[in-house]
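Visitor: Give the three-dimensional model of this entry:
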Amino acid sequence: MKKIRIFIADLTHKRNNIMSTPVMPYNIGLIASYAIEKFGDKIEIKLFKYPDKLLTALDSTSCDIFACSTYIWNDSLAHWACRVAKEKNPNVITVLGGPNFTHEKDHQLTYFSNHKEVDVRVLLEGEISFSNVINLVLKHGVNNKEKIFDKQIDGCVYMDRNKNCLIEGETSRIQSLDEIPSPYTTGVLDEFFDGLLTPIIQTSRGCPFKCNFCVESDKYYSKIESFEIERSISELEYIGKKISQTPQVSTLLIADSNYGMYKKDILISEKILHLQKEYNWPKSISVSTGKKFDNVLKTTEMLMHTFIFSLSVQSMDDNVLDAIGRKNMEPEKYKILGEMIRKKGHTTLSETIAPLPKETLSNFINGLVELMDWKVSRVITNTLMLLHGTIYKNNKFLKDFGIQSKYRLLENQFGTYGGEKVFEFEEVGISTNTMSFTDYLETRKFSFFIEMAYNSKTFLEAEYFLEDLSLKYSNFVLFAYQELNKSHKNIQLVLQSYIDESISELKDSEKKAIDYYSNQEVFNLLLTGNEGGNLKYKHKALLLSEHLDIWLDFIFSSLEKFLINNNIQVNEEFGELVLFIKSKFDGVLDQTRTNNRISHKFSFDIISWLSQKDRVNSLKYYNNNGLFIDFYYDKVQRDHRNVLFSKYNNRRDLVLSYSHQQHLIYRKYDKVAKPAT
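Guide: Numbering: from 1, shown residues only. Model prediction:
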């Protein structure tokens, strides 16, 4: 019997060195390894990540089944691929999976009517459901679609085009994840260790929490299923050996929704620590940690120098939390934890969302101020996404809270493939019945200011200085925010540009967005990064490069005013602190200054003051003879900077976007006997 040829893709937009999701296709690797285990030599499977390689394969070889994994960052790309597959072979069966699919039956019917290139949608988990499609093709033959689509297919939905109705099968979760062979240790993913893609693992599936803006709030995902610990450890060892041959890949992604909450995670963490010692990898870890923070600390503390501890809250208002189905930990526990982690020198992240139901501008700002008081290292605000599979696609829910939405291009998620322009868009909330559009724009402006004046330990030295004076740094942030209207005109122009572009990126519909970006003149702006990038990092890059001096002058003049307003005499140590921080920022986004060391003489021993284990002494260490401090980038930083600046052609916004722990982009410092020459 002739083998069934199957192409499975998890595509990423790719232009030169810019990839929207430079991650190994672990998801389809799981689906492929399960199918290979089940059907053996009856099938032949080929996996794809890059659109150009897929296009070449479709041009030269026909496949019997073509499948794509989709999410918001590659949904249009997956549909493009299905169209191409159908053009090359009209008899191919096309299957799409992934969470970016409506749960509303009438919308599903409209979807299949509008997307004739898609034969089947896999619902929820894909391993068993996709194997059910393969089984029917093997049973009835590739060309016998009447038989294949005669009855329900468990885990799938498709449209009976003769009767214009949906046919949906029962969907149940896989009983044991260990039924799925590892796509790493079986070699299924070997070709993707190419020095471009980041490895990703998953040790468990599901989430016990009910945050209604998240796809995993569906009760289907409420039970936590885990892979056997030995499997995860063997995967990590396999990856470590392979990745050591491509040292430019320095990160590991962990796809668990709540890593660190469970006892098994301490064994995973210990294995990762072993890999760091043996292979010098991973240098950084991207992971979402769970809400049971005591557990997470116990299981991950050994790794906290390589990842950011998540203290996400989404909102600080109880009414909002009730509306979104979320319950946060008691504020006092958050505060204790934040202070403890900062004391250990680790980094914490708290994410919020705007505009959420029942959120107001004043409550939002107060919430961010409180997070700063908790000593969270980074406070990020994400715009509300209206995702398929959540209640935010329910018209009644939207009406109840007055949620208005627009469409915008996802950051760098576009490209030209086979002569066709392809774009990815997201539907985002822009106002509610408690937060106007003007208020929403203010949340963006305030969040951007926190990014510039607080996040990533940017002015940690100033934080300590104010704390020594029993002043809150958050109060200084509020004060400086009010001073912006007195700042240098170039700063005000950057901020106005940020708001103007936050408005102009919003389109009334996906069709209007496609029409706009398809214009060749606009598309050229996308290619150069003048449109379609990350607005926060685009404007942050402007302030940290072209306007660095005036930006720092604004911060320190505002700080001086703040001290005077609080009846604090500004003495010599303040001036030295300013010099110290400015030296730390020297050449921060200038590759030509990467190898430069700079030195300054100080009367105050700022380094000893900063290095206190317990913050009991103020900045009063005086040295009559003075001391010299060198500011420099160490070898790891130099290598990292050179790779980023080279890879992204000196696009400073992308350098910031791909610097996962941004506090590491500032110069290090050491006391020296004599100044650098």
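Visitor: ok, Leu189 - contacts?
Guide: Contacts for Leu189 (Cβ atoms under 8 Å, 6 or more residues apart in numbering) come out as Met24, Pro25, Tyr26, Gly29, Leu47, Pro183. The way it works is simple: take the backbone N, C-alpha and C, and place the C-beta from them, glycine included.
Visitor: Next up, the contacts around the residue lying closest to the third one once chain neighbours are set aside.
Guide: If I follow you right, that is Tyr26. In space, and not counting its chain neighbours, Tyr26 is closest to Ile200: 4.6 Å by Cβ to Cβ, 6 or more residues apart in numbering. Ile200 sits next to Val23, Met24, Tyr26, Leu252, Leu253, Ile254, Ala255 when contact means Cβ under 8 Å, 6+ apart.
Visitor: List just the nearest of the residues you listed to Ser497.
Guide: Taking Cβ to Cβ as the measure, Ser497 lies nearest Val23 of those, at 31.4 Å.
Visitor: That closest one contacts Thr198, correct?
Guide: Yes - between Val23 and Thr198 there is a contact under Cβ atoms under 8 Å: 5.2 Å.
Visitor: any residues in contact with both of these two?
Guide: Joint contacts of Val23 and Thr198 (Cβ under 8 Å, 6+ apart) are Leu253.
Visitor: Over to the residue nearest to Tyr26: give its phi and psi.
Guide: Main-chain dihedrals, Ile200, degrees, to the nearest 10: phi -140, psi 140.
Visitor: want to throw the contacts of Ile200 into a markdown table with pLDDT?
Guide: Shown next, in a markdown table, are the contacts of Ile200 (pLDDT from 0 to 100):
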| residue | pLDDT |
| --- | --- |
| Val23 | 94 |
| Met24 | 96 |
| Tyr26 | 96 |
| Leu252 | 93 |
| Leu253 | 93 |
| Ile254 | 90 |
| Ala255 | 89 |
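Visitor: Do you have the strands of the stretch 101-250 of the chain handy? List them.
Guide: 120-122, 156-160, 165-168, 200-201, 204-205, 225-226 (DSSP state E, counting those that start in this stretch).
Visitor: likewise the stretch 451-600 of the chain?
Guide: Assigned by DSSP E, counting those that start in this stretch, the stretch 451-600 of the chain shows strands spanning 598-604.
Visitor: got the residue ranges for the helices in it?
Guide: 460-468, 473-483, 489-504, 510-518, 520-528, 535-543, 548-565, 572-585 (DSSP state H, counting those that start in this stretch).
Visitor: Mean neighbour count, those helices: which tops it?
Guide: Highest mean neighbour count of those: helix 535-543, a mean of 22 (counted as mean count of other Cβ atoms under 10 Å).
Visitor: of all the strands of the stretch 101-250 of the chain, which gets the most neighbours per residue?
Guide: Neighbour counts (mean count of other Cβ under 10 Å) averaged over each of these peak at strand 120-122, with a mean of 26.
Visitor: what's the closest of the strands of the stretch 101-250 of the chain to Leu177?
Guide: strand 225-226 (5.2 Å).
Visitor: count of residues packed around Phe7?
Guide: When neighbours are defined as other Cβ atoms under 10 Å, Phe7 has 24 of them.
Visitor: So it lies in a helix, does it not?
Guide: No - counting by DSSP: H, G, I helix; E, B strand; the rest coil, Phe7 is not part of a helix but strand.
Visitor: For it, give me its contacts.
Guide: Phe7 touches Ile45, Lys46, Phe48, Leu54, Ala57, Leu58, Cys63, Ile65, Phe66, Ala67, Ala85, counting by Cβ under 8 Å, 6+ apart.
Visitor: same thing with Asp400?
Guide: Pro357.
Visitor: separation between it and Phe476?
Guide: With distances taken as Cβ to Cβ, to the nearest Å, Asp400 is found 39 Å from Phe476.
Visitor: burial of the closest residue to Lys601 other than its chain neighbours, as a residue count?
Guide: Spatially, and ignoring its direct neighbours in sequence, Lys601 is nearest to Gly626 (4.9 Å; Cβ to Cβ, 6+ apart). For Gly626, the neighbour count with other Cβ under 10 Å is 12.
Visitor: show me the contacts for Gly626.
Guide: So Gly626 contacts Lys601, Phe602, Ser603 (Cβ under 8 Å, 6+ apart).
Visitor: Apart from its chain neighbours, what residue comes closest to the second one?
Guide: Setting aside the residues directly before and after it, Phe602 is nearest to Glu576 in space (Cβ to Cβ, 6+ apart), at 5.4 Å.
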